[in-house]
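> need the 3D shape of this:
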Amino acid sequence: MEDGMSRIVALSVDGLGIGSEDVAGLAAWLDTEDTLRGCTRRVLGTMPEGALGADLAQLAVSLGSGGAATAMASVVVAWLRRRVGVAWLRRAEYRGRRP
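Got it, this is the predicted structure:
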């Protein structure tokens with residue numbers, strides 16, 4: 001990266017029948033990649049009034065040097081190909097706490 005620091009991206013998954021267990025599944029896939037191990041943080045969504053807990057809303061992935069972005073893209077493509085149905089993946093700059 002330009003200043004030697006890692007870039008953090010937010011990944012969110014949406015689609016028909018997509019839930020927090022799907023986001024957790026993608027996180028597990030990312031954690032199995034040696035280059036990304038320890039670089040993924042689960043980010044909870046806002047907790048609705050009266051709920052006992054918040055759902056997993058997105059993943060924050062720290063992408064340093066050494067091919068981390070390529071590794072993340074490869075894992076995401078493989079994960080999407082194994083899905084049945086419709087799923088959308090969004091990537092954005094992450095503005096929260098570092099993983």
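> going forward, measure contacts and count neighbours with C-alpha atoms only.
OK.
> pLDDT score for the residue nearest the centre of the chain?
Averaging the C-alpha coordinates of the chain gives a centre point, and the residue nearest to it by C-alpha atoms, centre = their mean is residue 59 (3.2 Å). The confidence metric pLDDT takes the value 87 at residue 59.
> doesn't it fall inside a strand?
Yes: counting by DSSP: H, G, I helix; E, B strand; the rest coil, one finds residue 59 located in a strand.
> looks like it contacts residue 42 (just checking).
Yes: the pair residue 59 and residue 42 qualifies as a contact (C-alpha atoms under 8 Å) at a distance of 4.8 Å.
> overlap of the contact sets of these two?
residue 27 (C-alpha atoms under 8 Å, 6 or more residues apart in numbering).
> before we move on, the earlier item: the residue nearest to the centre of the chain and residue 8: what is the separation?
Per C-alpha to C-alpha, to the nearest Å, residue 59 is found 10 Å from residue 8.
> same check on residue 74?
For residue 74, the distance to residue 8 - C-alpha to C-alpha - is 17 Å.
> cheers, nothing more for now.
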